[in-house]
Every structure is written in structure tokens, then in C-alpha cells.
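# The sequence and its predicted three-dimensional model are supplied below.
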Amino acid sequence: MRQALYSILILLFLCSCSEDRDTDKNTESMVADVSIITPLPKVGCASCHEHALDANHNFSCTKCHLGSDDTAEKSVAHKGLLSQPAHPDNMMRICGECHRSLVEDNAHSEHFTLHNAVNMVREAFGAEQQIATILDIPVADNPQTSLQLADDLLRRRCLRCHPYYSGDRYPAVVRGTGCASCHLHFYKGKLVSHSFLKFPGDSQCLQCHYGNWVGSDYYGRYDHDMNEEYRTPYTTSQEYFRPYGIEYHQLSTDVHQQHGMVCVDCHTGKELMAQTDHSIRCEDCHDSDSLANKPPANIVFNKESKQFIFTSTPTGKSMPVPVMQHPAHAKYNSSVGCQVCHAQWAFDDRGTHLLRNDLDEYDDFSRLTVQGSFEVEKILKNNLDFDLEEIPHVMTDKINGEPKPGLWYKGYETRRWENITIGPDSTGKLQVMRPLLDISLSWLDEDEEVRFDTSRANSENKGFVPYIPHTTGEAGIFYLERLKVLSQKENDSEK
């Protein structure tokens, strides 16, 4: 009995030792975990701001943001601080110190000035001279002409995607300004990382190219109608998550996206950040003669597979490149754009109506609170709720930031995607067309006087202009149906 009791005590002691050893290991592990955490310094930017830098920008915060990095006193540290060093007003002084030629070229690029898009709209409303940049759009506090009303529309409603503005307040749309617009990652209104992107990802491109604009179609997205009956969910008592401001139909994605290509695989820095046209053509990658004579740098011929292979510079992903073989290409290439046959669907928002309403009455718009504009949406939802304090009936100028009276509401007559409109471009070549200039402007002032009533854009072809939908796919067996426009054109020329 005594022997058995002794054995039990020895066993308990050994178990206790084993448990203590395990506890010691856990304690050592915890201590090791704590020891690898770098304590925050007592002075300098890093004492308050955690940030991760990429290898090329691993230097003091004050190199870009100015201020002082040798104090813990906020007022001293922030003296002379630049909160947006990449902003167009600062980027030559800050970013240009290391990237001067890039900054100089970018400041004159279409992506930066929006020269083509702005002048297209202004000319449709009567402008006789072109402007060089969005900064030259006149301020029109009391519009007297359709052009002045269009200028007010551009400055307050349309131009939310340009380098001087940090974007709408939707989660996937907020971005930096200037160089940071494309080269830093933001989400939910905040900077995600201070690590600069050499190649902007598609999420950066979609911060501007969303909402039924070329870019969102690459991912198969087509906006729902704004009326609440046509959106999803049909009813909801909770705030519905709309990363781009409105729900969208999920249609077929572009075949290039399906194979893993990203925007900058085709739209390189030479196109996006330069003054001249460096855009790539479909033939550059898919025509055998072009590939044999002067292939793009990221396409090589694989002798074993007897295929041309494309390799994405940003992702490193490789994929075979199909070469045009169908006899229709030889017959129609000179007279028909590629997307006439290969677009799977297109943007067809007809009868775009824009109303500037200076009256602070909202009941008529209760079913149109989702407007694709966070500013308008916020005011509508808030001021329709009588329990909330009313928000001023103003919209800000997206270029100078000044609030101006009145809201710009938006609506459409019809919104479809399946009917692809075909028409000639300025050279006579058939292209997919979009009613971009099928626009009407109206203005109701604060005295309920109709100052402008459905002032239409003056444009040819009922506002249709050629564009390239990013919805590429196989041409299908009915591609000839789309070429009836060409046949009709040939018949007319023979008469």
C-alpha cells in the first residue's frame, strides 16, 4: 500500500514538472513575440504615424511632407506641413525632385488635363474655342447661356475624376491627388499603404473608370437604374453596401480580363502619362504581320509551341496570343473596327437629363436618392428625414472646392446594353457608337423660375460618338448582322 502511494506521488510530480516545462515554453514564446515588436520612438513622425514604405521611398517623412521630424510636439512637427505632397500644386516641387521628366510629361497628358473629354462636351453646347485643361473651365455663378450652364455642370457634377480632387466618398472611389491618384492604394476613405505602386493595379484604375464608363465594362459591370424599384435589393432598411455608389448588373467580362490581363498591360505609362498618343492597337498583338515585323516588347515567339506568348509586366503571368485567321479580317479590317464584331455588349444610356435645381424641396426625388454622386445622395437622404438637421442645399466646385447653391440631379430615358449601335467615325470606318452627347440640361432657380428647359447638346448622329467597349469576346455566328450598316453604306454609294 505504501509502495503504491509512493508511485502515485512520483507520477504526479513528473506530470507537474512536464506541465511547468510546457508553461515555460509558452512563456518563452510570448516573451519572444513581445521582443520582436519595435517600440515607437519618443520623437519624430513615427511616434504618432505608423507607415510602411517601399524600397525606393524609404526616407524621412519630411522629405515629401516637410514639417519637422525631431520633435514630439505636434504644433512644431506640423509647421509648414504638406498633407498632399503629390497634389498637382506640389508635385513638381516634391515628386519632380526625383521624377522631373515624368511629372512634366504627365502634367500635359490627356489623363491629367481631360482636354479631349471636356472640349467634346463644351463644343456640343456652343464653345468655339478649345481649352487646354480643366483649370480653364470658366466659373459660371449665374449662367446666361447653355455653355455656361454646361460649365457649371462640369465643375460641380461631372469632374469628380481628375488629379486635383480626391474622388467621391464611396469606399472604392476615394483616392489620392496628383501622382498619388494612381500610385497609392486607398480604400474606405483612407490610405491603405504608403508603399508606392510602380504599376497601378486595376483597383486604382476603377477609382475613376467606374459607373458605366470604359473600365467598369472590362469587369462586366453595368449600373442599375437609379430609381429604387430597379435596384437590388428591392427594399432594405439598412444602408446597402455600394462600393462604387450604385448596384450593378454583372454581365460577361472582357476576354482579356478572363485570362488575367490588367489594365496597364495594354494602357502603358507611355499612353497614360505622355502628351503624345502611344495607345496600342488590337493589330499590334493579334496580326501575324505586325508580330513578325515589330512585336510588342512583352510578346515573344515560342518555337516549341509555335505560338506567340504574352507576359504581363506587372503580374508576370504568361498566356498564348491568338492570331487573326478568319477570312473576315482580311476583308473588313480597313473598313470596320474590331469591336464592331467582337464587343459582347455596350453602354447604351440614352436621353441623359441633368437638372440643376436650386429649390431645397426634395419630395419629387425621394425615389432617386441614389444618384451616382455621394454629395447629392447624402443631401437627399438627410433632408428627406425630418428628424435630422438639414444639410445646406449646395454642391462644391470640384476644382476649387467652393460650395455653390443648387444640386445637379441626373436621370435617363432608357438604359440598355444588348443593342450595339454601329456607325462611322470621322474617317468613315465603322465603330461601336455610344450616345455620350445625348444630353439635355435644365435649370430651376430658387424662385421657381425655369431658366433653361431641356437645352440639348448640339451634336451629329443624335449624340452618338464612336468608342471602344472593353467587352471583347468571340465574334459569334451573327457578326454579319452587325455589318448591315456597311452594306447599306455601300449600296448608297453605288446609287
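Structure received.

# Could you use CA atoms for every contact and neighbour count after this?
Noted.

# what number of residues lie near Met120?
Look at Met120: counted by other CA atoms under 10 Å, it has 15 neighbours.

# so where's the stretch 151-300 of the chain shaky on pLDDT?
Of all residues in the stretch 151-300 of the chain, those with pLDDT under 70 make up the ranges 233-240, 275-278.

# Helices of the stretch 1-150 of the chain, residue ranges please.
Ranges of helices in the stretch 1-150 of the chain, per DSSP state H, counting those that start in this stretch, are 2-35, 62-65, 74-77, 96-106, 110-113, 115-124, 146-153.

# Only alpha carbons, please: show stretch 204-222 as CSV.
Extracted in CSV, the C-alpha atoms of stretch 204-222 (Å, rounded to 0.1, in the frame of the first residue of the first chain):
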residue,chain,number,x,y,z
GLN,A,204,-6.6,52.2,-58.9
CYS,A,205,-8.0,52.5,-62.5
LEU,A,206,-11.5,51.7,-61.3
GLN,A,207,-11.4,54.6,-58.9
CYS,A,208,-12.2,56.8,-61.9
HIS,A,209,-13.3,54.3,-64.6
TYR,A,210,-16.5,53.1,-62.8
GLY,A,211,-20.2,53.9,-63.2
ASN,A,212,-20.8,52.9,-66.8
TRP,A,213,-17.5,54.2,-68.1
VAL,A,214,-14.9,52.3,-70.0
GLY,A,215,-13.1,50.2,-67.4
SER,A,216,-16.1,49.0,-65.4
ASP,A,217,-17.2,47.2,-68.6
TYR,A,218,-13.9,45.3,-68.6
TYR,A,219,-15.2,43.6,-65.4
GLY,A,220,-18.7,43.2,-66.8
ARG,A,221,-20.4,45.9,-64.7
TYR,A,222,-23.4,47.8,-65.9
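
# can you list contacts of it?
Residues outside stretch 204-222 that contact it (CA atoms under 8 Å, 6 or more residues apart in numbering) are 161, 167, 172-175, 181-183, 185, 223, 244-246, 248-254, 257, 263, 347, 372, 417, 468-471.

# Just those residues: which are in helices?
When DSSP state H defines the helices, the subset of the contacts of stretch 204-222 inside them is 181-183, 257, 263.

# which of the residues you listed are buried?
By the neighbour-count criterion of 16 or more other CA atoms under 10 Å, those include these buried positions: 181-183, 257, 263.

# Can I get the ones in helices among the contacts of stretch 204-222 in a markdown table including distance to Gly44?
What follows is the ones in helices among the contacts of stretch 204-222, written out as a markdown table (distance: CA to CA, whole Å):
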| residue | distance to Gly44 |
| --- | --- |
| Ser181 | 27 |
| Cys182 | 28 |
| His183 | 25 |
| Gln257 | 44 |
| Cys263 | 39 |
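
# and of those residues, the nearest to His51?
When these are ranked by distance to His51 (CA to CA), His183 comes first, at 15.7 Å.

# Look up how far Phe478 lies from that closest one.
Between His183 and Phe478 the computed distance is 42 Å (CA to CA, to the nearest Å).

# now do Leu355
Leu355 sits 40 Å away from Phe478, going by CA to CA.

# likewise Phe464?
From Phe464 across to Phe478, the span is 23 Å (CA to CA).

# Who has more neighbours out of those two?
In terms of neighbours (other CA under 10 Å), Phe464 is the more surrounded of Phe464 and Phe478; the figures are 20 against 9.

# so what's the more buried one up against?
Phe464 sits next to 433-438 when contact means CA under 8 Å, 6+ apart.

# And it, how close does it get to Tyr210?
Plainly put, Phe464 is 20 Å away from Tyr210 if you go by CA to CA.

# same thing with Gly44?
For Gly44, the distance to Tyr210 equals 39 Å [CA to CA].

# the domain parsing of this structure - what is it?
Split into domains by automatic domain parsing, the chain comes to 56-85, 98-114+159-278.

# which residues in the stretch 301-450 of the chain form helices?
327-332, 338-342, 374-383.

# right, so these: which one is the most enclosed?
Taking mean count of other CA atoms under 10 Å as the contact definition, the stretch among the helices of the stretch 301-450 of the chain with the greatest mean neighbour count is helix 338-342, which reaches a mean of 22.

# pLDDT of it, averaged?
Averaging pLDDT along helix 338-342 gives 95.

# list the helices and strands that helix packs on?
Packing partners of helix 338-342 (3 or more CA pairs under 8 Å, 6 or more residues apart in numbering; DSSP states H and E): strand 430-434, helix 479-482.

# what's that helix in contact with?
Counting by CA under 8 Å, 6+ apart, the neighbours of helix 338-342 from elsewhere in the structure are 282, 422, 430-432, 468-469, 471-475, 479-480, 482-483.

# between those residues, which has the most around it?
Of all those, Val432 has the most neighbours under the rule other CA under 10 Å, reaching 27 neighbours.

# In contact with that one, which residues?
When contacts are counted by CA under 8 Å, 6+ apart, Val432 is found next to 337, 339-340, 420-423, 466-469.

# again, 10 Å this time
Contact analysis of Val432 by CA atoms under 10 Å, 6 or more residues apart in numbering lists 336-341, 343, 345-347, 420-425, 464-469, 482.

# if we can go back for a sec, could you say which of the domains of the chain is packed most deeply?
When you average the neighbours per residue for each of the domains of the chain (mean count of other CA under 10 Å), domain 98-114+159-278 leads with a mean of 18.

# how close does Gly189 get to His51?
In this structure, Gly189 and His51 are 16 Å apart, going by CA to CA.

# Pull stretch 242-249 out as CSV, backbone CA atoms only.
Once side chains and other backbone atoms are set aside, the C-alpha atoms of stretch 242-249 remain, and they are given as CSV (Å, rounded to 0.1, in the frame of the first residue of the first chain):
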residue,chain,number,x,y,z
ARG,A,242,-22.3,50.1,-52.8
PRO,A,243,-18.5,50.3,-53.3
TYR,A,244,-18.9,52.4,-56.5
GLY,A,245,-22.1,54.3,-55.5
ILE,A,246,-24.8,52.1,-57.2
GLU,A,247,-25.6,48.5,-57.6
TYR,A,248,-24.6,47.0,-61.0
HIS,A,249,-25.7,44.1,-63.3
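
# Next up, the contacts around Thr352.
Under the criterion of CA under 10 Å, 6+ apart, the contact list for Thr352 reads 410-415, 435-441, 456.

# Look up how far Asp254 lies from Glu474.
In this structure, Glu474 and Asp254 are separated by 10 Å, where distance is defined by CA to CA.

# Need the overlap of contacts for the two.
Shared contacts of Glu474 and Asp254, counting by CA under 10 Å, 6+ apart, come down to 343-344.

# Just give me the residue right at the centre of the chain.
For the chain, the residue lying nearest the average C-alpha position, counting by CA atoms, centre = their mean, turns out to be Cys208 (2.3 Å).

# Look up phi and psi at that one.
In terms of degrees, to the nearest 10, the main-chain angles of Cys208 are phi -110, psi -40.

# Tyr161 against Arg169, yeah?
Heads up, residue 161 is Cys, not Tyr. No. In terms of CA atoms under 10 Å, Cys161 does not count as a neighbour of Arg169; the distance is 11.8 Å.

# what is in contact with the two at once?
Common neighbours of Cys161 and Arg169 (criterion: CA under 10 Å, 6+ apart): Arg175.

# Just give the nearest non-adjacent residue to Met261, would you?
By the measure of CA to CA, 6 or more residues apart in numbering, the closest residue to Met261 outside its immediate chain neighbours is Ser312, 6.9 Å from it.

# so what does the helix or strand hosting Leu191 touch, helix or strand wise?
Of the helices and strands defined by DSSP states H and E, Leu191 is found in strand 190-193. The contact analysis (3 or more CA pairs under 10 Å, 6 or more residues apart in numbering; DSSP states H and E) places strand 190-193 against strand 185-187.
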